[in-house]
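Need coordinates for the below:
(chains A and B)
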Amino acid sequence: MKARLLNTALPAALLGILGLSWEASVHFFEIPSYILPGPWEIVQVMWQRMDLLAAHGVVTLIEIGLGFLVALVVGLSLAVLIHASRIIERSFLPLIISSQTIPVFAIAPLLILWFGYGIGSKVVMTAIIVFFPIVINTVEGLKAADPDTLALLQILEASPGQVFFKVRVPQSLPFVFSGIKIGVAVSVIGAVIGEWVGAREGLGYLMIHANAQLQVDLVFASIFWLSILGMGLYGIVVVVERLLVPWRHGGSNK
Amino acid sequence: MPFSHAGKTVFYMKQHGDDSLIQVEDLSKAFSRGSDTLQVLQQISLSAEPGELIAIIGPSGCGKSTFFNILAGLISPDGGSISLNSKKVPHLRGRMAYMQQKDLLLPWRSTLDNAILGMEIQGEGKRLAREQARDLLKTFGLEGFGDRYPQELSGGMRQRVALMRTILCKKDILLLDEPFGALDAITRSIMQKWLLKVWGQFEPSILLVTHDVDEALILADRIYVMTSRPASIKGSLQMELQRPRKITETEMVNCKEYLLELLEEELTVPEP
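Numbers count the residues shown, from 1 in each chain, chains lettered A, B, ... in the order given. Below you'll find the model as predicted:
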């Protein structure tokens, strides 16, 4: 219990100290707010421009959410196919891995060209970024089944489907969730890049727009919101993981 | 006489009629790695009657597990035959349940759900299977732990869950491969009592591999001694003592001496 309290208290205290020094420096060095606003000013802007930020935030959230879902469906199905067939594994896996050397930034303009200024290009962008850790981790997880357990299932005369659903799938869940956690943490990047390159709404669009007008406080307010979105999504994944993988957390199966 | 042997290293073969359930004859197996061939089993022959508890002891690494893996159909033998009720079969799968030293409990399944794994795979409904398993929790000393995950249980409890899963496969032949080998001495002796209790209740035929001579003496109707690799049957011992047996009884001590003598001849470790 004490350790848990410290786990929250320590980073919170550090954040407080950083915020205070930021605030103090801004005043002490008399930095104009169009260069670097203090955190208090940013919080005020977040409150005053709540409607604007929320409207753009929802767009970004939808982009991330849809992109994430696409990545999850495609990623999991592809991982299952890769696991099921050596030929698919040999042909797809090297390409999937080397595709990661292409910076998403570089193809962002193309995606805008192909999928338009609207939500589509951002969804694709997010999906491309999130998809990779999910595929790789799920393939790892499906392979991770203990050979002795598989032999036990064989002796029990289990069908391939039973082996898959009763052993391989549950065995892979912790792996899948580490993939999803990495994916969620970077998912915000995909949506924001998409919005930078070409969009009419979304927090990334708002940032670019505010930056051009030297509304640096609004830029920071957007960044804060993006970070809150990212943490919120991560938190949701952690909760879902606790529900779906309860045996990892010492809970009883009541 | 608690045992029937005529001499020291003779092959003792009780003549079995049609009443033998399992008859293994001249089972051989070699593994090849590159150009090397490793003969692991050399003409193993043994038999078991229905409801009999057979123990197989031998030096470690002699190929006992290979023997069981052949019976379980996980690997195929090079030669020899396995008969079930006088009918030749490729392996015993479908008629037997297998329990190993590792409990192999699935960490995402509760005690109950681990216990019913075999039933579930054989197509029994989950709810019905759980009900049957729940009734057995007490028999296996797991009352109140039905909903716990394996990682919340002690080593002895986990092994009892594995035993329960093995029993609930509802097969008349159990292969137990050093089932209590990973447990401490006290827990092991308690588990042996559990096994006898469960054996008395469900009356399966049991083939038990162990390297623990005491365990074989306490549990078995008949003990086979294996040679070191390549393994064959060096001798066997019929145990007619009443249970529960104490390892300190004179006749048990005699039996133990005889078995140890057989085993010591197989040891490759030089004398001190």
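
and the residue most central in space within chain B, backbone torsions?
Nearest to the mean C-alpha position of chain B, by C-alpha atoms, centre = their mean, lies B:Leu208 at 1.8 Å. Note on B:Leu208: its backbone torsions stand at phi -120, psi 120 [degrees, to the nearest 10].

Which pLDDT value belongs to it?
Looking at B:Leu208, its pLDDT is 93.

quick one: it from B:Met99, how far?
According to C-beta to C-beta, to the nearest Å, B:Leu208 stands 10 Å off from B:Met99. C-beta: built from backbone N, CA, C; applies to glycine.

Could you do B:Glu261 as well?
The gap separating B:Glu261 from B:Met99 is 30 Å, by C-beta to C-beta.

So if I had to pick from those two, which one is more boxed in?
B:Met99 (26 against 13; other C-beta atoms under 10 Å in any protein chain shown).

ok, now which ones touch the more buried one?
B:Ala162, B:Leu163, B:Arg165, B:Thr166, B:Leu174, B:Leu175, B:Leu176, B:Asp177, B:Pro179 (C-beta atoms under 8 Å, 6 or more residues apart in numbering or on different chains).

Now, these that are in helices?
Under the assignment DSSP state H, these contribute B:Ala162, B:Leu163, B:Arg165, B:Thr166 to helices.

doesn't B:Phe140 fall inside a helix?
No - using DSSP: H, G, I helix; E, B strand; the rest coil, the assignment for B:Phe140 is coil, not a helix.

now the helices for the stretch 101-250 of chain A?
A:104-115, A:119-143, A:147-155, A:160-163, A:169-197, A:203-212, A:216-244 (DSSP state H, counting those that start in this stretch).

Tell me the helices and strands packed up against the fourth one.
Helix A:160-163 is packed against helix A:147-155, with contacts defined by 3 or more C-beta pairs under 8 Å, 6 or more residues apart in numbering or on different chains; DSSP states H and E.

Just the CA trace of the helix it packs on, in CSV.
Coordinates of each C-alpha in helix A:147-155 appear next as CSV, following Å, rounded to 0.1, in the frame of the first residue of the first chain:
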residue,chain,number,x,y,z
PRO,A,147,5.9,-27.6,-25.6
ASP,A,148,5.0,-29.9,-22.7
THR,A,149,1.6,-28.3,-22.4
LEU,A,150,1.1,-28.8,-26.2
ALA,A,151,2.1,-32.5,-25.7
LEU,A,152,-0.5,-32.8,-22.9
LEU,A,153,-3.2,-31.4,-25.2
GLN,A,154,-2.0,-33.9,-27.9
ILE,A,155,-2.4,-36.8,-25.4
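
in that helix, what's buried?
With burial defined by 16 or more other C-beta atoms under 10 Å in any protein chain shown, the residues of helix A:147-155 counted as buried are A:Thr149, A:Ala151, A:Leu152, A:Leu153, A:Ile155.

and chain A, which of its residues are near chain B?
Counting by C-beta under 8 Å from any C-beta of the partner chain, the residues of chain A lying close to chain B are A:146, A:148-149, A:151-158, A:162, A:166-167, A:170-171, A:173, A:245, A:247, A:250, A:252-254.

Sketch out the low-pLDDT regions of the stretch 151-272 of chain B for me.
Across the stretch 151-272 of chain B, the ranges flagged by pLDDT under 70 are B:268-272.

ok, now how distant is B:Glu266 from B:Thr166?
29 Å.

For these two, indicate the residue with more neighbours.
Neighbours were counted for B:Glu266 and for B:Thr166 using other C-beta under 10 Å; B:Thr166 has more, 22 against 16.

Mind listing the shared neighbours of B:Leu208 and B:Met99?
Common neighbours of B:Leu208 and B:Met99, using C-beta under 8 Å, 6+ apart, are B:Leu176, B:Pro179.

ok, the residue nearest to the centre of chain B - contacts?
Here B:Leu208 is in contact with B:Leu53, B:Ile54, B:Ala55, B:Ile56, B:Leu176, B:Pro179, B:Glu215, B:Ala216, B:Leu219, B:Ala220 (criterion: C-beta under 8 Å, 6+ apart).

Assumed the second one was part of a strand.
In this case it means B:Ile54. Yes - counting by three-state DSSP, B:Ile54 is part of a strand.

count of neighbours near it?
22.

Show me how far stretch A:146-163 is from its chain's centre.
Per C-alpha atoms, centre = their mean, to the nearest Å, the displacement of stretch A:146-163 from the mean C-alpha position of its chain is 35 Å.
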